[in-house]
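Trainee: next input, structure requested:
(2 chains)
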There are 2 protein chains.
Amino acid sequence: MKEIVSLMDYRSSIKVVDATLRDGGLVNDFHFTDEFVRALYEANIRAGVDYMEMGYKASREMFDESKFGKWKFCDDDAIREIVGDNDTGLKIAVMADVGRCNYKKDIVSRSESPIDLIRVATYLNTIPAAADMIEDAKKKGYEVSCNIMAISSGQESDLRVALDILGKTSVDVFYIVDSYGSLYPEQIARIADTYMEFAGKYGKKLGIHAHNNQQLAFANTIEAVGDGVDWLDATYSGMGRGAGNCAMELLLGFLRNPKYNNFYVIQFIENYMNQLKEDGVVWGFDLQYMMTGLLNQHPRTAIQFTKERRKDYSEFYKEVVAQD
Amino acid sequence: MKEIVSLMDYRSSIKVVDATLRDGGLVNDFHFTDEFVRALYEANIRAGVDYMEMGYKASREMFDESKFGKWKFCDDDAIREIVGDNDTGLKIAVMADVGRCNYKKDIVSRSESPIDLIRVATYLNTIPAAADMIEDAKKKGYEVSCNIMAISSGQESDLRVALDILGKTSVDVFYIVDSYGSLYPEQIARIADTYMEFAGKYGKKLGIHAHNNQQLAFANTIEAVGDGVDWLDATYSGMGRGAGNCAMELLLGFLRNPKYNNFYVIQFIENYMNQLKEDGVVWGFDLQYMMTGLLNQHPRTAIQFTKERRKDYSEFYKEVVAQD
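Mentor: Residues are numbered from 1 along each chain as shown, chains lettered A, B, ... in the order given. As a prediction, this is how the structure comes out:
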């Protein structure tokens, strides 16, 4: 049983990462207004959030610029238009997917960029490419984290090998990622234990990025806190692909560090997030996401169900149960 | 860390209690149609649910019959109209609140009633009255459980005394109740530990009734399962007062006992619960409930906020933070 003190006190090593623009951008193809992004930046500063992820550094050769908002590409100039010289306590992050980012060209030296943290995202079968991106970003002067996605459908033995390879790189943070929202807190505890073994061996920090398919994104995140995980992803109103993520308002309510102030999160939700919902942007827990989560499947079929505004949940259940 | 086997296998002592009509009735003043109730009864039977709570045995002297649907009062005849002789595996339950039920008169002998289980609900300051109701119901032949409400705002030492008094009664099940939705899984683990001490001493079973103010109703329920709690309350679509309860569809998805079949839950939600929502019945997680949960307050101010269709969340935050 965890120590009572850990619920009453706080651990100063904890970092909160706002992933609203990045994971939320997967919902609306990154079509956020500049006003929205500027207000979110201000809210994060006031709320004491540690990192703000602006979006992806996606390859323009792979993705058609006319189909996405600018936060799919996160040009340094676009970021500067929002944050200026960013003379604040809030650090700036972007995500770079293995195989979908021209990192050698599109990620310049940190001294010339408003970005502080490069978040490399990889699957278990592309770890060597992730390691190459990590070293490239490190050499350019960035803090670097690495998300290993979809671990719930991988083998534990492969995960151990991946953590050992990544441990030997100069990456700062390993992330536990529950891509399908299929994991229960007990499983998070066991996975954190595995991650902790390699984090201890190689002197790395741990992070968690949760999805809300089973209404467990927040529960899994605070379970991870109790297990020693320090870097916590959250999004305003839980905005994110499919069932969304751990809600920032729940997370800051939980954390006891006086530097965090949930009032500004609530104010931003009132002024901006609820408007998005009224405008028809749809995310969050619903039965179709629960089903793919339960079955440890990618949520793409559930996202399609949502897009088509289908309501025949029991028919969908039959479809996903039959998928191999 | 809990045993991996407990996520893969099942514990046959677990009982699932459908509280949709009772806690959900607090949302719509128990105005469910007979068709709805009959279909819910059928869905519970098919889904393998163990108990169905029909509503309250409320005193007609205290509550105006014209203002509530019949499930506020749960006359045996009204129940019989739905369940007949209830020649099924599903048992029938009602809730009886201390101080709000003429139990000596309104609860007849079990041999003359379709009811199997009386769920006595009490606060910490009315334990002797609860004990009297428990013995009355036991003498009449019922299974009896006891919900101790609002324990998150009581003293641990008082809770221990209450459990010791109740332990000496003939009650079958003690319930952990997170009335304000303020408890985290770590706290549930500690509370379950205390309850287990008295359950072991007196040979009682344990139950949990969770609220979803912080999106933890399901997480707290499965935490309790891991801690040895056997009786689990849930409601379809999480319908219940304010932020609602642990969702039946999440719970049956989690439990591995082959007697449970989530398909019929999903089908009922598709056919009936979503219609309730479309008709304007409002429940479920929202910021105002998170705030009262975080502050360990009764949700009545948040329910009022919802009723008035207020959207000024940050103003409400200032109001509840200022309340003592």
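Trainee: and the residue of chain A that's closest to chain B?
Mentor: For chain A, the residue closest to chain B is A:Ala219, as judged by CB to the nearest CB, at 3.3 Å. In short, each C-beta sits where N, CA and C put it, glycine included.
Trainee: what about the residue nearest to that residue when sequence neighbours are not counted, how many residues close to it?
Mentor: Spatially, and ignoring its direct neighbours in sequence, A:Ala219 is nearest to B:Ala219 (3.3 Å; CB to CB, 6 or more residues apart in numbering or on different chains). Counted by other CB atoms under 10 Å in any protein chain shown, the residues lying close to B:Ala219 total 28.
Trainee: same question for A:Asp85.
Mentor: A:Asp85 has 7 neighbouring residues, counting by other CB under 10 Å.
Trainee: what's the answer for A:Asn147, then?
Mentor: Here the number of neighbours of A:Asn147 (other CB under 10 Å) works out to 25.
Trainee: element containing the residue of chain A closest to chain B, please.
Mentor: helix A:217-226 (DSSP states H and E).
Trainee: next, the buried residues of that helix.
Mentor: Buried residues in helix A:217-226, counted by 16 or more other CB atoms under 10 Å in any protein chain shown: A:Ala217, A:Phe218, A:Ala219, A:Asn220, A:Thr221, A:Ile222, A:Glu223, A:Ala224, A:Val225, A:Gly226.
Trainee: what about A:Ala243, distance to A:Ala322?
Mentor: Distance of A:Ala243 to A:Ala322, computed by CB to CB, to the nearest Å: 21 Å.
Trainee: more neighbours: these two, which one.
Mentor: Set A:Ala243 next to A:Ala322 and count neighbours by other CB under 10 Å: A:Ala243 wins out with 28 against 7.
Trainee: using the three-state scheme, assign the closest residue in space to the more buried one that isn't next to it in sequence.
Mentor: Among residues not flanking A:Ala243 along the chain, A:Tyr289 sits closest, at 3.7 Å (CB to CB, 6+ apart). Going by DSSP: H, G, I helix; E, B strand; the rest coil, the secondary structure assigned to A:Tyr289 is helix.
Trainee: count the neighbours of A:Tyr289 for me.
Mentor: By other CB under 10 Å, 27 other residues sit near A:Tyr289.
Trainee: next one: the one 5 residues further on
Mentor: If you count neighbours by other CB under 10 Å, A:Leu294 ends up with 22.
Trainee: correct me, but it touches B:Gly253?
Mentor: Yes. Between A:Leu294 and B:Gly253 there is a contact at 4.5 Å, judged by CB atoms under 8 Å.
Trainee: who's the closest spatial neighbour of A:Thr221, skipping the chain neighbours?
Mentor: Closest residue in space to A:Thr221, ignoring its immediate chain neighbours: A:Cys246 at 4.4 Å, by CB to CB, 6+ apart.
Trainee: ok, A:Phe198 - contacts?
Mentor: By CB atoms under 8 Å, 6 or more residues apart in numbering or on different chains, the contact set of A:Phe198 is A:Arg160, A:Leu163, A:Asp164, A:Leu166, A:Gly167, A:Phe174, A:Lys204.
Trainee: contacts for stretch A:57-77 next, please.
Mentor: For stretch A:57-77, using CB under 8 Å, 6+ apart, the contacting residues are A:21-22, A:25, A:28-32, A:37, A:54-56, A:78, A:94-97, A:100-103, A:106-108, A:112-115, A:118.
Trainee: would you show me how to pick out the buried ones of those residues in ChimeraX?
Mentor: A single ChimeraX command selects the buried members of these (16+ other CB under 10 Å):
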select /A:21,22,25,28,30,32,37,54,55,56,78,94,95,96,97,100,101,103,106,107,113,114,115,118
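Trainee: grab the nearest non-local neighbour of A:Gln187.
Mentor: Per CB to CB, 6+ apart, closest to A:Gln187 is B:Leu7, 7.1 Å.
Trainee: if we can go back for a sec, what is the helix holding A:Ala219 packed up against?
Mentor: Packing partners of helix A:217-226 (3 or more CB pairs under 8 Å, 6 or more residues apart in numbering or on different chains; DSSP states H and E): helix A:185-202, strand A:205-209, strand A:231-234, helix A:248-254, helix B:185-202, helix B:217-226.
Trainee: so where's chain A shaky on pLDDT?
Mentor: Applying pLDDT under 70 to chain A flags residues A:324.
Trainee: rerun at 50
Mentor: Scanning chain A for pLDDT under 50 picks out no residues.
Trainee: where does A:Ile92 land in three-state SS?
Mentor: With three-state DSSP as the criterion, A:Ile92 reads strand.
Trainee: beta partners of it?
Mentor: A:Met52 (DSSP bridges).
Trainee: residue contacts, it?
Mentor: Residues near A:Ile92 by CB under 8 Å, 6+ apart: A:Tyr51, A:Met52, A:Met54, A:Ile79, A:Val83, A:Asn86, A:Pro114, A:Ile115, A:Asp116, A:Leu117.
Trainee: same thing but at 7 Å, please
Mentor: A:Met52, A:Met54, A:Ile79, A:Val83, A:Asn86, A:Pro114, A:Ile115, A:Asp116 (CB atoms under 7 Å, 6 or more residues apart in numbering or on different chains).
Trainee: which among the residues you listed gets closest to B:Gly280?
Mentor: A:Met52 (37.5 Å; CB to CB).
Trainee: OK, contacts around that closest one?
Mentor: Shown in contact with A:Met52 (CB under 7 Å, 6+ apart): A:Asp18, A:Tyr41, A:Asn44, A:Leu90, A:Ile92, A:Ala93.
Trainee: and the helix or strand the third one falls within, what's buried?
Mentor: In other words, A:Asn44. Assignment of secondary structure by DSSP H and E places A:Asn44 within helix A:34-47. Neighbour counts using 16+ other CB under 10 Å place A:Phe36, A:Val37, A:Leu40, A:Tyr41, A:Ala43, A:Asn44, A:Ile45, A:Arg46, A:Ala47 of helix A:34-47 among the buried residues.
Trainee: grab the nearest non-local neighbour of the first one.
Mentor: Leaving aside its chain neighbours, A:Phe36 sits nearest to A:Tyr272 (5.6 Å; criterion: CB to CB, 6+ apart).
Trainee: what do you get for the last one?
Mentor: What sits nearest to A:Ala47 in space, not counting adjacent residues and going by CB to CB, 6+ apart, is A:Tyr264, at 4.3 Å.
Trainee: tell me the contacts of that neighbour?
Mentor: With CB under 7 Å, 6+ apart, A:Tyr264 has these contacts: A:Ala43, A:Arg46, A:Ala47.
Trainee: report the contact partners of the last one.
Mentor: Remark: with contacts taken as CB under 7 Å, 6+ apart, A:Ala47 is in contact with A:Leu252, A:Tyr260, A:Asn261, A:Asn262, A:Tyr264, A:Val265.
Trainee: circling back to that earlier point, do I have it right that the residue of chain A closest to chain B meets A:Pro185?
Mentor: Yes. Applying CB atoms under 7 Å, one finds A:Ala219 in contact with A:Pro185, separated by 5.6 Å.
Trainee: quick one: stretch A:275-285 near chain B?
Mentor: No. Against chain B, stretch A:275-285 shows no contacts by CB under 7 Å from any CB of the partner chain, the least distance being 8.3 Å.
Trainee: got a list of contacts for that stretch?
Mentor: Residues outside stretch A:275-285 that contact it (CB under 7 Å, 6+ apart) are A:Val27, A:Asn28, A:Asn212, A:Gln215, A:Gly238, A:Met239, A:Gly240, A:Gly242, A:Ala243, A:Gly244, A:Thr306.
Trainee: repeat that with 6 Å
Mentor: Contact with stretch A:275-285 is made by A:Val27, A:Asn28, A:Asn212, A:Gln215, A:Met239, A:Ala243, A:Gly244, A:Thr306, as judged by CB atoms under 6 Å, 6 or more residues apart in numbering or on different chains.
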